[in-house]
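Colleague: Need coordinates for the following:
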Amino acid sequence: MLLLVFTFLSTAIEALQVVGRDMSVVLGGTTILPCKLIDAEEPVTQISWRKEPQTDNFLTILSATGPLFLNGHDKRFEFIGNFKDSNGSLQLSNIKLTDEATYTCIFTLFPSGNVQTGIHLNLLVPPVTSLKDNRPTLGTEEVSLATCMAAGSKPPAKVQWLTGTVGEKVRPTNNVTQHANGTTTTVSTLFGVPTREINHHLVKCVVTSAAMSKEESLPFTIQIYFSPIEVTINKRSEDSFECVTEANPKAAFTWSRSEQSMPQSTVRVEGATLQFLSMTSDLNGLYQCEASNLYGRKHSYMYVHVTSGACPACWTLFGLLLFMIAFGVAALLYSYKTGKCLRTEEDTRGERSKVPTSGSPEEEEEEEAAADL
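Modeller: All right, here's what the predicted structure looks like:
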């Protein structure tokens, strides 16, 4: 008789089926742990949930009293099933890394006993992506140009580079680190020789993961940093000059005049441009344009010499000078004509000739006597 009863119960239990399925959910999301008993003819007296590898139930649901948490209430779990439909499903929200496990759904029947199934909750963690410029400077040896990272991913993320036209001049390397919490970090570094040829070329870091709804593409423009290479001064117009150079990052320009201050009233400086507002001789001198950035500086020189043109004031002074000369000549001629100009002449024998004067006859006799002596 006991054997017949045991055989009957075993057959009944085997005929029962608890249906559930494994679930995958993204960290911080909400999911349902589905659990349903089908083909049950006996009444359900209790529904219980257990989290492996624990052996004790953490939640029990009775038809009379409802859900009961046995190890402290966790409001993230919500019973959404019912006894009438033999539905024992749970909803879990705000999912954490520690929630990943196999959950056992148990139905207790009378008099058959317990029937159960296991549901594995698979947690997905999208990576935190980043792209770093390693700031390489101009050189001839291979260095790291940029680093692309997919951190804290579950399962491991895939990282690859799309290098386009510079594919033969660069190469990627990947490194994967496993963390204690089950996540991984994938680091991909792009290497190459830092030349001006690859400077400013566009590449892309592409990250894919089962935890992401779509791939993520991170564009990156290769930057090779260098100081100003050569500085030239170009003439833009008769009174305007521009300082030009190649540098990365872009150079800042400073204009100055050697050993002299810049004449503020006649010179305007706007970035790389130097403009003379009026071409006067006070601009004369040696001008310097210096280009600089974080990696160095370089300069170039320009000598300015302005020759003054026609000047109204100068012509006025010149006319005044001619007038004074003409006036002096006229006065001299007038003196000769009136006899008021004394002049001494020497003949070829060294003797003095008589010079007419306006003196009296007595004075003339005295002068003749003195001449005889």
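
Colleague: which regions of the stretch 1-150 of the chain sit below the pLDDT cut-off?
Modeller: Within the stretch 1-150 of the chain, the ranges that satisfy pLDDT under 70 run 1-15.

Colleague: how about the helices in it?
Modeller: Under the criterion DSSP state H, counting those that start in this stretch, helices of the stretch 1-150 of the chain are mapped to 2-15.

Colleague: One more: the stretch 201-350 of the chain?
Modeller: So, for the stretch 201-350 of the chain - with DSSP H, counting those that start in this stretch - the helices run 312-338.

Colleague: shaky segments in it?
Modeller: 308-350.

Colleague: May I have the residues that are in contact with Val269?
Modeller: By CB atoms under 8 Å, 6 or more residues apart in numbering, the contact set of Val269 is 255, 262, 275. To be clear about C-beta, it is placed using only N, CA and C from the backbone, and glycine gets the same treatment.

Colleague: you'd agree Cys142 is up against Val193?
Modeller: To be clear, residue 142 is Glu; Cys isn't right here. Yes. If you go by CB atoms under 8 Å, Glu142 and Val193 touch, sitting 5.3 Å apart.

Colleague: The two - which one has more neighbours?
Modeller: Between Glu142 and Val193, counting by other CB atoms under 10 Å, Val193 is the more crowded of the two (17 against 13).

Colleague: could you measure that one against Thr137, distance?
Modeller: Distance of Val193 to Thr137, given as CB to CB, to the nearest Å: 12 Å.

Colleague: go on, Thr31?
Modeller: 50 Å.

Colleague: So between the two, which is more surrounded?
Modeller: More crowded of Thr31 and Thr137, by other CB under 10 Å: Thr31, with 18 against 12.

Colleague: Show the contacting residues for the more buried one.
Modeller: With contact taken as CB under 8 Å, 6+ apart, Thr31 is in contact with 23, 25, 91-92, 95, 121.

Colleague: ok, now Glu259?
Modeller: Per CB under 8 Å, 6+ apart, neighbours of Glu259: 285-286.

Colleague: Give me the phi and psi angles of it.
Modeller: The phi/psi pair for Glu259 (degrees, to the nearest 10) reads phi 60, psi 10.

Colleague: same question, Gly167
Modeller: phi -60, psi -40.

Colleague: Run a quick check on Ile80 versus Ser89, I expect a contact.
Modeller: Yes. Look at Ile80 against Ser89 with CB under 8 Å: they come within range, at 5.3 Å.

Colleague: Those two: which has the busier surroundings?
Modeller: Ser89 (19 against 13).

Colleague: what's near enough to touch the residue nearest to the more buried one when sequence neighbours are not counted?
Modeller: In this structure, Ser89 finds its nearest non-sequential neighbour in Gly81, 4.5 Å apart by CB to CB, 6 or more residues apart in numbering. Counting by CB under 8 Å, 6+ apart, Gly81 makes contact with 35-36, 47, 61, 87-90.

Colleague: which of those has the most neighbours?
Modeller: Per-residue neighbour counts (other CB under 10 Å) across the contacts of Gly81 peak at Gly88, which has 29 neighbours.

Colleague: Which parts of the stretch 1-150 of the chain are strands?
Modeller: 17-19, 23-26, 31-33, 36-38, 44-51, 57-62, 66-69, 77-79, 90-92, 101-109, 113-124, 128-133, 143-153 (DSSP state E, counting those that start in this stretch).

Colleague: quick one, which of those strands is nearest to Thr186?
Modeller: Checking the strands of the stretch 1-150 of the chain against Thr186 by CB to CB gives strand 143-153 as the closest, at 4.7 Å.

Colleague: next helix or strand past that closest one?
Modeller: As assigned by DSSP states H and E, the chain's next helix or strand after strand 143-153 is strand 158-162.

Colleague: For that following strand, which strands pair with it and how are they oriented?
Modeller: Counting by DSSP bridges, the strands paired with strand 158-162 are strand 202-208 (antiparallel).

Colleague: Any buried residues in the strand it pairs with, and which?
Modeller: 203, 205, 207-208 (16 or more other CB atoms under 10 Å).

Colleague: do stretch 236-252 as well
Modeller: 239, 241-245, 247-248, 251.

Colleague: So which residues make contact with it?
Modeller: 199, 223-235, 253, 255, 272-277, 279, 289, 291-295, 298, 300, 302.

Colleague: Among those, name the buried ones.
Modeller: 199, 223-228, 231, 233, 253, 255, 272-274, 276, 289, 291-293, 295, 298, 300.

Colleague: Show me how the protein divides into domains.
Modeller: Taking automatic domain parsing as the criterion, the chain consists of the domains 2-124, 128-221, 232-304.

Colleague: distance between the ends of the shortest one?
Modeller: According to CA to CA, to the nearest Å, domain 232-304 extends 16 Å from its N-terminal end residue to its C-terminal end residue.

Colleague: Report the distance from it to the chain centre.
Modeller: How far domain 232-304 lies from its chain's middle: 28 Å, per CA atoms, centre = their mean, to the nearest Å.

Colleague: Only alpha carbons, please: show stretch 31-40 as PDB.
Modeller: Written as PDB, here are the backbone C-alpha positions of stretch 31-40 (Å, rounded to 0.1, in the frame of the first residue of the first chain):
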ATOM      1  CA  THR A  31      12.700  43.000 -14.700                       C
ATOM      2  CA  ILE A  32      10.200  40.200 -13.900                       C
ATOM      3  CA  LEU A  33      11.100  36.800 -12.700                       C
ATOM      4  CA  PRO A  34       8.400  34.700 -14.300                       C
ATOM      5  CA  CYS A  35       7.100  31.600 -12.500                       C
ATOM      6  CA  LYS A  36       3.800  29.700 -13.200                       C
ATOM      7  CA  LEU A  37       2.500  26.300 -12.200                       C
ATOM      8  CA  ILE A  38       0.500  24.500 -14.900                       C
ATOM      9  CA  ASP A  39      -1.700  21.400 -14.900                       C
ATOM     10  CA  ALA A  40      -2.200  21.500 -11.100                       C
END
